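> this one's sequence-less:
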């Protein structure tokens, strides 16, 4: 059987290949995270999930896709804020970026988005009469609760920045949730409670936040107790 590594590399990894693989993984997670944030009605925050990856991409279809989605969500946000002139310009720019990308690049259904952008450019006040189209990926609108963990972590950090959540709490919950999943657990209470915090509001969000805080505190205490056994 042929070896898995290139004999000329003596088994060493290729940094450029590793970097490309990491960027491809990030692209998928950030693409879905931004779609889910937008679909949850967070029109302003959605672009933050895409810009980090967009800035690292070379010119090409993937960069145009993210650029077009960024301008799309910005157009919807400005329409929601009744900035009609800004909406028209962003809708026009979004359509230009998305115009040559086919119907479903990276699984994103672009035709409804292009049609809505054209409609917004003609009549931005339509947002007050009809809800904006949702972003559909792989034939399904993307909800936060059904995202893979990597994308949930992106959503959590974006919405923490947007709404001023407790950054230390969210980062620790992400850390513990990832550790549980990497340890082979089918699920983790940290992931479940993160989703509850992200998808709820008002009293329900505060209740979920308090439960998440309690779980984080207990896990931190358990880790501290274990470390003390070897001191």
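Here it is on my side, so go on. Everything numeric here is computed off the predicted structure, so don't read it as measured data.
> could you chop this protein up by domain?
23-145, 165-228 (automatic domain parsing).
> what ranges does this structure have for its strands?
Applying DSSP state E to the chain gives strands spanning 136-137, 140-141.
> sheet-wise, list the partners of the last one with their directions.
The partner list of strand 140-141 in its sheet, established with DSSP bridges, is strand 136-137 (antiparallel).
> before we move on, back to that, which stretch in the strands of the chain has the least confidence?
Among these, strand 140-141 has the lowest mean pLDDT, at a mean of 92.
> quick one: low-confidence parts of this protein?
1-24, 225-231 (pLDDT under 70).
> export the domains of the chain to CSV and append columns for mean neighbour count.
Where you see a C-beta, it was placed from the backbone N, CA and C, and this is true even at glycine. Formatted as CSV, the domains of the chain follow (neighbours: other CB atoms under 10 Å):
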stretch, mean neighbour count
domain 23-145, 18
domain 165-228, 15
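> out of these, which is closest to residue 155?
domain 23-145 (4.8 Å; CB to CB).
> need the contact list for the residue lying closest to residue 213 once chain neighbours are set aside.
In this structure, residue 213 finds its nearest non-sequential neighbour in residue 169, 5.8 Å apart by CB to CB, 6 or more residues apart in numbering. Counting by CB atoms under 8 Å, 6 or more residues apart in numbering, residue 169 touches 209, 212, 213, 216.
> quick one: the first one from residue 162, how far?
Looking back up the chat, that one is residue 209. Here residue 209 is placed at a distance of 15 Å from residue 162 (CB to CB, to the nearest Å).
> for the second one, same thing?
Between residue 212 and residue 162 the distance, using CB to CB, works out to 18 Å.
> same check, this time on residue 110
Applying CB to CB to residue 110 and residue 162 gives a distance of 26 Å.
> can you check residue 82 too?
From residue 82 across to residue 162, the span is 20 Å (CB to CB).
> give the closest residue to the most centrally placed residue in the chain in space, chain neighbours not counted.
Against the mean C-alpha coordinate of the chain, by CA atoms, centre = their mean, the closest residue is residue 33 at 1.8 Å. Leaving aside its sequence neighbours, residue 33 sits nearest to residue 154 (CB to CB, 6+ apart; 3.7 Å).
> pretty sure the one you found contacts residue 29?
Yes: between residue 154 and residue 29 a contact is recorded at 5.7 Å, counting by CB atoms under 8 Å.
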